[in-house]
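Chemist: Test case, fold it:
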Amino acid sequence: MTDFAGGMNFVLLALLTLLADSAFTTRQLVATAIVVASRLELSLLLLYRVLKRGHDARFDEMREKFWSFLGFWVFQILWVYVVSAPLIYLNCESSLNDPPLAAWDYAGWALAGGGTLIQTLADLQKMRFRADPANRGRVCDVGLWRASRHPNYFAEMLIWWGVFLCAVPIFDTPGTRAGLATVVSPLFTMLILLFLSGMPTAEGQELARFFKTADSAAAFRRYFARTPPIIPFVPGCYEAMPVAAKRALCCEFPMYEYQEGGLELRESGSLSLGGGADGRGSGSGSVDLLGAEKPSASVPVTVGPSE
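Modeler: So this is what the prediction gives:
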């Protein structure tokens with residue numbers, strides 16, 4: 001329910017800022033509709049997943065610690081306001097400055113709308129993949145997941161860059177340039193997903209689950225080599241791309257690689273993980289590419305689509 005509440009906060013804030021003025025512009029209505037649609041899809045998906053599993057293990061331990069749980073909610077409030085900044089500005093300033101629709105608007109609608117469609121399609125493809133018992137223990141490499149290891153993260157970035165572009169036409173409101181500061185929304189989203197609670201909790205040492213046997217390790221190494229972390233790309237072309245180009249153009253940072261120093265290959269052909277008795281690394285709770293949720297050993301932060 002915590003993830004659902006976080007997503008619905010976006011919906012509530014979007015609608016409250018839209019309804020604060022009785023006069024609505026096309027620019028406001030389209031941008032708000034896209035944000036509401038994307039947050040509803042994500043929130044309902046997360047709610048369905050929790051109800052199906054009966055609980056959310058990431059928050060079980062935190063609920064017993066008042067200050068940690070309070071800190072999580074305070075951060076989530078700040079996160080919602082920061083990420084929603086372009087839409088808040090757009091809805092509050094459009095009545096004062098409503099220039100004709102232009103290229104900025106259409107580009108923003110295309111990015112945000114396209115991001116919402118990619119997010120929805122990626123979620124549906126993964127749900128269908130997980131629902132097939134034959135896929136248990138396999139990497140999700142179907143559809144969009146064949147071209148990106150995290151197409152839902154890519155979609156989240158597109159959505160908020162698109163919303164920011166939608167607000168650009170009203171940045172020249174007489175007497176202020178404050179709107180430019182709302183670029184913090186897409187930048188903060190990228191920071192969170194690339195370096196904090198997104199990729200680092202889904203990859204790196206969290207990939208240990210793919211290295212439990214020699215066969216699964218080989219399969220994942222091939223998938224990792226052929227599939228970019230965020231930006232969709234043709235697998236064969238990405239595999240042939242120089243490492244330096246992957247780092248610079250596709251966000252393939254060293255921190256996403258699994259360090260196999262703690263692995264021991266047993267005579268039976270299986271791989272055991274050094275360090276933890278349960279074979280799991282520490283880190284924020286997340287759901288892996290196989291669909292199994294990992295318990296959290298640290299404070300989970302629900303930012304963007306969950307893996």
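Chemist: C-alpha only now, for contacts and for neighbours.
Modeler: Noted.
Chemist: Between its first and last residues, how far does stretch 133-142 reach?
Modeler: Across stretch 133-142, the terminal residues are separated by 15 Å (C-alpha to C-alpha, to the nearest Å).
Chemist: Where does the prediction get shaky in the chain?
Modeler: Of all residues in the chain, those with pLDDT under 70 make up the ranges 1-3, 54-63, 69, 173-176, 261-307.
Chemist: can you pull out the helices in the stretch 101-250 of the chain?
Modeler: The residue ranges that make up the helices of the stretch 101-250 of the chain, judged by DSSP state H, counting those that start in this stretch, are 103-131, 144-147, 151-167, 184-195, 199-202, 214-226, 235-240, 243-250.
Chemist: The one helix or strand Ile77 maps to: which residues count as buried?
Modeler: Ile77 is part of helix 66-83, with elements assigned from DSSP states H and E. Burial within helix 66-83, assessed by neighbour count using 16 or more other C-alpha atoms under 10 Å, is assigned to 69, 72, 76, 79-83.
Chemist: can you check stretch 184-192 too?
Modeler: Neighbour counts using 16+ other C-alpha under 10 Å place 184-186, 188-190, 192 of stretch 184-192 among the buried residues.
Chemist: again with stretch 83-100
Modeler: Within stretch 83-100, judged by 16+ other C-alpha under 10 Å, the buried ones are 83-94, 98.
Chemist: Next: stretch 104-121.
Modeler: Along stretch 104-121, the positions that meet the burial threshold by neighbour count (16+ other C-alpha under 10 Å) are 104-105, 107-121.
Chemist: Can I get that stretch in CSV? Just the C-alpha atoms.
Modeler: Taking only C-alpha atoms (Å, rounded to 0.1, in the frame of the first residue of the first chain), the coordinates of stretch 104-121 have been written out as CSV:
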residue,chain,number,x,y,z
TRP,A,104,7.9,22.7,-27.2
ASP,A,105,4.4,21.4,-26.4
TYR,A,106,4.2,18.8,-29.1
ALA,A,107,7.7,17.5,-28.2
GLY,A,108,6.8,17.4,-24.6
TRP,A,109,3.5,15.5,-25.3
ALA,A,110,5.4,13.0,-27.5
LEU,A,111,8.0,12.3,-24.9
ALA,A,112,5.7,12.1,-21.9
GLY,A,113,3.0,10.2,-23.8
GLY,A,114,5.5,7.9,-25.4
GLY,A,115,7.1,7.3,-22.0
THR,A,116,3.7,6.3,-20.5
LEU,A,117,3.0,3.9,-23.4
ILE,A,118,6.5,2.3,-23.0
GLN,A,119,6.0,2.0,-19.2
THR,A,120,2.6,0.3,-19.6
LEU,A,121,3.8,-2.1,-22.3
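Chemist: Please work out which residues outside it touch it.
Modeler: 27, 30-31, 34-35, 37-38, 41-42, 144, 151-152, 154-169 (C-alpha atoms under 8 Å, 6 or more residues apart in numbering).
Chemist: ok, of those residues, which come out buried?
Modeler: Judged by 16+ other C-alpha under 10 Å, buried ones among those: 27, 30-31, 34-35, 38, 41-42, 144, 151-152, 154-169.
Chemist: quick revisit: kindly indicate which of the buried residues of helix 66-83 lies nearest Phe4.
Modeler: Sorting the buried residues of helix 66-83 by how near they are to Phe4, with C-alpha to C-alpha, puts Gln76 at the top with 12.1 Å.
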